[in-house]
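> the amino acid sequence is not available; the structure is as follows:
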């Protein structure tokens, strides 16, 4: 009678793993991000704390993402944002701070960008862009930008002159930038970055738009190849391809080596293609994985009542006496 090799792969491997049927056994070739005999264990890519500078690690399937604190960027939050690159300070020295910058003004200068002069005169300095005279030296000091360049100087009659500031600025000389992030305009835990009369939202994965209120479309047409299915994580909003049998990689464009794990025994040679493999057995063995020893004594090759002794790839006849 012939022994029937049952399919041991039915319902065994999880999470898109590739199952290799063996004789009375099976082997699961796990997709990226999973491990274990049946590939049911999710590998925690955040276990080694890869995010730097206080970044928060989000574990994904086969990957991870760092949510960086204010002032840092990069895959691992390793890059400190230099807000002084654009040289925002008109005078003085620019000091980089988390999420912004600070202008250290020299004596005689003031304002967020050191853009206006500190006048020693008591009279309003910005009336008609005029100057004032120091009593001791008779020196005239002129306000270069009386309203910090962000407002208009208007006369108020008996009340003197005052600065009418542009949107986003305040203060006697319009020297203070209004913090547009106070109202928390960024939704879904987005990070608000204040600007000049404006703000910018850095959105978390899965969200987009000016205020991070729009769901990001993660699955693009044709993103997953060779019959793969695009799925979006409900937690992170990140898309991933779930590949069909025989394919792997981020976009299911990499053939999986079905011979991985050496499924062929007893010196058999493995050949594979997308979704299949076969074993070329060495002499004396057969079966899907070359585990079956061929019985060379069947049919009986020995004559004269001799007894046949099976070997590997051959046989021996034990002859009777005489």
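Thanks, I have the structure now. All of these numbers come straight from a predicted model, not from anything done at the bench.

> and residue 47, how far is that from residue 59?
9 Å (Cβ to Cβ, to the nearest Å). (Each C-beta comes from the backbone N, C-alpha and C, glycine too.)

> between these two, which has more neighbouring residues?
Using other Cβ atoms under 10 Å as the criterion, residue 47 and residue 59 rank with residue 59 on top: 17 against 10.

> how about the contacts made by the nearest residue to the more buried one once chain neighbours are set aside?
Leaving aside its sequence neighbours, residue 59 sits nearest to residue 46 (Cβ to Cβ, 6 or more residues apart in numbering; 4.6 Å). Neighbouring residues of residue 46 by Cβ atoms under 8 Å, 6 or more residues apart in numbering: 57-59, 64.

> again, only this time at 6 Å
57, 59, 64 (Cβ atoms under 6 Å, 6 or more residues apart in numbering).

> repeat for residue 232
With contact set as Cβ under 6 Å, 6+ apart, residue 232 has these partners: 218, 239.

> same deal with residue 202?
residue 191.

> now with 10 Å, please.
By Cβ atoms under 10 Å, 6 or more residues apart in numbering, the contact list for residue 202 reads 67-68, 70, 73, 186, 190-193, 212.

> the stretch 1-150 of the chain: strands as residue ranges?
Under the criterion DSSP state E, counting those that start in this stretch, the stretch 1-150 of the chain contains strands at 18-22, 25-29, 34-35, 41-42, 56-59, 64-67, 72-73, 79-80, 93-97, 100-104, 109-110, 116-117, 131-133, 140-142.

> the first one versus strand 25-29: what angle between them?
This means strand 18-22. Interaxial angle of strand 18-22 relative to strand 25-29 (axes from the mean of the first three to the mean of the last three Cα atoms, to 10 degrees): 160 degrees.

> what about strand 18-22, distance to the chain center?
Chain-centre distance of strand 18-22: 32 Å, with Cα atoms, centre = their mean, to the nearest Å.

> sheet partners, orientation included, of that strand?
strand 25-29 (antiparallel) (DSSP bridges).

> so for the strand it pairs with, mean pLDDT?
The average pLDDT for strand 25-29 rounds to 86.

> neighbouring contacts of that strand?
Applying Cβ under 10 Å, 6+ apart, the contact partners of strand 25-29 are 7-10, 12-15, 17-21, 34-40, 248, 256-258, 260-263, 289, 291.

> in that strand, what counts as buried?
Within strand 25-29, the residues that count as buried by 16 or more other Cβ atoms under 10 Å are 26-29.

> correct me, but residue 172 touches residue 163?
Yes. Counting by Cβ atoms under 10 Å, residue 172 touches residue 163, with 6.7 Å between them.

> which of the two has more neighbours?
Legend: neighbour count by other Cβ under 10 Å for residue 172 and residue 163, higher for residue 163 (22 against 14).

> quick check: the gap between that one and residue 195.
Applying Cβ to Cβ, the value for residue 163 to residue 195 is 21 Å.

> report the beta-bridge partners for the residue nearest the centre of the chain.
Closest residue to the average C-alpha location of the chain: residue 65 at 3.9 Å, with Cα atoms, centre = their mean. For residue 65, the beta-bridge partners under DSSP bridges are residue 58.

> contact partners for it?
Residue 65 is in contact with 45-46, 51, 55-59, 75, 204-205, 236, 238, counting by Cβ under 10 Å, 6+ apart.

> what sits against residue 244?
Shown in contact with residue 244 (Cβ under 10 Å, 6+ apart): 16, 18, 224-229, 252, 274-275.

> with residue 86 instead?
Contacts here follow Cβ under 10 Å, 6+ apart; on that basis residue 86 touches 94, 101.

> how does the protein divide into domains?
For the chain, the structural domains run 115-177, 270-322, going by automatic domain parsing.

> which of those domains has the lowest average pLDDT?
domain 115-177 (a mean of 60).

> what's the end-to-end length of it?
Domain 115-177 has its terminal residues 13 Å apart, counting by Cα to Cα, to the nearest Å.

> number the residues from 42 up from this point.
Sounds good: first residue 42 from here, last item domain 156-218.

> please report the distance of residue 212 from residue 129.
17 Å.

> what's the answer for residue 81, then?
If you go by Cβ to Cβ, the gap between residue 81 and residue 129 works out to 54 Å.

> who's more crowded, these two?
Set residue 81 next to residue 129 and count neighbours by other Cβ under 10 Å: residue 129 wins out with 17 against 14.
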